[in-house]
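**Q** quick one, what's the 3D model for this:
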Amino acid sequence: MTDIAAPGFYTEEWYDNKNVSEYGYVLFENRLLGAVQFRQKKVRNNSCLVADDFKEEILFCYNSYAPEFEDKVPFGPCENLETDNCSFNG
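**A** Modelled structure (predicted):
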């Protein structure tokens, strides 16, 4: 993850072409004080309303995140496997 996502958070230069990375800013305004951490929240499919006329065409509908629309079903490469049958080292 450090070689793919994290470099995208660091702004390389200000609007006046001065280097920002040496100052420790992330996305121009935020100061990074520790390690970058990620948290993923999922939204359930069919959490929004689709007009009856479009239900055959619109098969997936994800609302904006809100606690009542959160999908709490576990997921991952070993989710439906026995622990002994999974060799994922994520």
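**Q** wait, isn't residue 43 in contact with residue 69?
**A** Yes - in this structure, residue 43 is within contact of residue 69 by Cβ atoms under 8 Å, at 4.9 Å. Every C-beta, even on glycine, is put in place using the N, C-alpha and C of the backbone.
**Q** now do the shared contacts for those two.
**A** Contact criterion Cβ atoms under 8 Å, 6 or more residues apart in numbering; residues shared by residue 43 and residue 69: residue 63.
**Q** state the distance from residue 52 to residue 35.
**A** Distance of residue 52 to residue 35, given as Cβ to Cβ, to the nearest Å: 48 Å.
**Q** I should have written residue 69 there, sorry.
**A** Counting by Cβ to Cβ, the gap from residue 69 to residue 35 is 29 Å.
**Q** also residue 42?
**A** 23 Å.
**Q** of these two, who's got more company?
**A** Neighbours per residue (other Cβ atoms under 10 Å) separate residue 42 from residue 35, with residue 42 holding more: 13 against 7.
**Q** burial of the spatially closest residue to the more buried one that is not a sequence neighbour, as a residue count?
**A** Spatial nearest neighbour of residue 42, chain neighbours left out: residue 71 (4.0 Å); criterion: Cβ to Cβ, 6 or more residues apart in numbering. Residues lying near residue 71 (other Cβ under 10 Å) number 13.
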